[in-house]
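structure of the sequence below:
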Amino acid sequence: MAGQLHVAYSQKVKGAAIFGAGPYYCAQNNVHQALYGCGDNIYPTYLSTLTSRASAWSSYGWIDPVNNLSGSPVYIYHGTNDTTVKPSVGDAGKAFYQHFGANVTYSTSVAGHSWVTPYGPNDCTANSAPYMNNCGTDPQKALLQKLFGSVSSPNTGPLTGKLVKFDQSTHAVNGWAGGLSMGSSGFAYVPKSCEAGQSCRLMVSLHGCKQGYDRIGTAFIDRANLNQYADNNNMIVLYPQATSSAVNPNGCWDWWGYLGFTNYPMTR
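Have a look, this model is predicted:
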């Protein structure tokens, strides 16, 4: 979903960090393509189709101009032991961005399907809940350096900022977060410096499938290793929350079209 938002709203979203996922519009509004082309690689990714659709929709004004992607910082991380999204799908994500001239860093490790973090409870190669693996590395430092150019060391002691819980329905277009397969509550981590009025950047952190608040509480928020960096880098971290529904049993963000074709790959 991070890639979806970055491409569709490239005028506002200035860069993206993507873990264990494929290119924009990979699923092509088809659940079978999502499973077998964007997860497993039984189906081809159809990269030329994805790039041509993005270019066409950009020309129609349905997404922001794809020219914005030129030079945009993109950090992609993929594990060679990922059994949910095969590494070749991550390769296609890299190729998609490079087609539009993005400034891509592609990092790989022996990780399974996960958000890799020093605070992950799982072993590096695991492919199991809560999908937060510890590989003895710090990808968050690398992704923030990519997005920001430089980054101060994280706060490794007690956090000094504040976790704010808010009603997501007040920000939903239809006034009902549940109708969008979003949870009733979202969260934001606000460092002291930002609360005091200092100019701060905004990082939107989109959890993976089965990682929402209704599944694991604030475990992803607490262990993602973003709040630690936020404390020392004037960065607010927004944690919107997807939730399980009849059309979305695993609480994923809509990267394959469960809310309808015009909702997930476009701005309008």
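
C-alpha only now, for contacts and for neighbours.
Fine.

so which bits of the worst-scoring helix or strand of the chain on mean pLDDT are buried?
For the chain, scoring each helix and strand by mean pLDDT, DSSP states H and E identifies helix 31-36 as the least confident one, at a mean of 94. Buried residues in helix 31-36, counted by 16 or more other C-alpha atoms under 10 Å: 33-36.

go on, stretch 261-268?
For stretch 261-268, the neighbour count (16+ other C-alpha under 10 Å) marks 264-266 as buried.

just stretch 64-71 next, same as before
Judged by neighbour count (16+ other C-alpha under 10 Å), stretch 64-71 contains these buried residues: 64-66, 68-69, 71.

now stretch 152-159
Within stretch 152-159, the residues that count as buried by 16+ other C-alpha under 10 Å are 154-155, 159.

before we move on, back to that, could I get the buried residues of helix 31-36 as JSON lines with distance to Ile236?
Formatted as JSON lines, the buried residues of helix 31-36 follow (distance: C-alpha to C-alpha, whole Å):
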{"residue": "Gln33", "distance to Ile236": "35"}
{"residue": "Ala34", "distance to Ile236": "32"}
{"residue": "Leu35", "distance to Ile236": "34"}
{"residue": "Tyr36", "distance to Ile236": "36"}
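
for Met235, state which of the residues you listed is nearest.
Looking at the buried residues of helix 31-36 and their distance to Met235, the nearest is Ala34, at 33.1 Å (C-alpha to C-alpha).

doesn't Tyr24 make contact with that closest one?
No: counting by C-alpha atoms under 8 Å, Ala34 does not reach Tyr24; the two are 11.6 Å apart.

where does the prediction get shaky in this protein?
Across the chain, the ranges flagged by pLDDT under 70 are 268.

wait, doesn't His207 sit right on Gln241?
Yes: if you go by C-alpha under 8 Å, His207 and Gln241 touch, sitting 7.4 Å apart.

would you say Ile76 is within a strand?
Yes: when DSSP: H, G, I helix; E, B strand; the rest coil is applied, Ile76 is found to be in a strand.

quick one, what contacts it?
Taking C-alpha atoms under 8 Å, 6 or more residues apart in numbering, we find Ile76 in contact with 17-20, 90, 94, 104-107.

list the buried residues in stretch 168-180.
Within stretch 168-180, the residues that count as buried by 16+ other C-alpha under 10 Å are 168-169, 176-178, 180.

scratch that, stretch 20-33 is what I was asking about
Of the residues in stretch 20-33, 20-29, 33 count as buried by neighbour count, 16+ other C-alpha under 10 Å.

what's the span of that stretch, first residue to last?
Stretch 20-33 has an end-to-end distance of 17 Å (C-alpha to C-alpha, to the nearest Å).

the least confident helix or strand of the chain: what's the following helix or strand?
Counting by DSSP states H and E, the element after helix 31-36 in chain order, helix or strand, is helix 47-60.

off-centre distance for that next one?
21 Å (C-alpha atoms, centre = their mean, to the nearest Å).
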